[in-house]
Structure formats: C-alpha cells, structure tokens
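S.K.: Give me coordinates for this.
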Amino acid sequence: MAAQGRHGARRMLLQAFYQMQISGHSVEEVAEQFVDHPEAATADLKYFDRLLTTIAETRDQLDIDISGYGDIQVERLDPVEHAILWIALAELRGCDDVPLKVVINEAIELAKTFGAEGGYRYINGLLDKASAELR
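M.R.: Residues are numbered from 1 along each chain as shown. As a prediction, this is how the structure comes out:
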C-alpha cells in the first residue's frame, strides 16, 4: 500500500534526492519522473513540489546546517541519511505548520526503513541539536 499525504511526499522526496545524488539528475528530471511514481496517487504532491523546490534551492545552506550540528563531514554521509537530513532541516527551517515532533519522528522512521543500521540515531541527535536553534 502506498504511503499517504505528507508521509508519502517525504518518502518520494527521499527517493528523489537519493537518485539525484547517485545519478546527477537535475531537479527537473527527477520531478518529471516522480509524476508517475506509484505513491504519487496518494501522496501530498503540493508538499512534494514545495519541498523539492525548497531543498534544491537551499542545499548549500542545509549542508552548512548538517556540518554545524553533526560530526560527520557532509561528503562522508550516506546518501539516504543525507537526503533525510535535507528534508527534515528544510521542514524545520520553513514549515512552521509541521510540529517539531512530527519532523523528527518522520525523519527517524525514514532512516529506520531506508537508512543504514543505526543511522537513525545520528539523525535523531543532529535534529535535536538543530531544532533547539531552528525552532
């Protein structure tokens, strides 16, 4: 069953930004591919588009955040965890309508489902530090 609403949008964003990191595709190419994604039927596509654009435009700032709040060099991050952090930090910075606990819980769940074993702990710690300043 496809994930719904914003949860589905986050799952699609994770896949999109993972693909961009691995393949080097542009935001436009990825956005076009995800129109027909199986989860697109039930995901919040407006939220997907909003965050896709926001993250694409602010990745450098988000990487500065990751460097400042974490202890792993951005270049050494696993692409899955990197994409999850981009999504969560973009939400912390620009989506005041999303409660802090939801941002962190969604990031942790994505990391547990798609990330490296134990990667969710790093994400949780980094987001706890970031949320103290960004929210």
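
S.K.: At the geometric centre of this protein, which residue do we find?
M.R.: Residue closest to the average C-alpha location in the chain (C-alpha atoms, centre = their mean): Ile87, at 2.4 Å.

S.K.: what's near enough to touch it?
M.R.: Counting by C-beta atoms under 8 Å, 6 or more residues apart in numbering, Ile87 makes contact with 10, 13-14, 17, 51, 55, 107, 110. Quick note: C-beta positions are derived from backbone N, CA and C, even for glycine.

S.K.: try Gly8
M.R.: 2, 39, 42-44.

S.K.: same thing but 10 Å
M.R.: 2, 37-45, 47-48 (C-beta atoms under 10 Å, 6 or more residues apart in numbering).

S.K.: same deal with Ala107?
M.R.: 10, 14, 81, 84-85, 87-89, 91-92, 115, 120, 123-124, 126-127.

S.K.: try Leu100
M.R.: Neighbour list for Leu100: 91-92, 127-128, 131, 134-135 [criterion: C-beta under 10 Å, 6+ apart].
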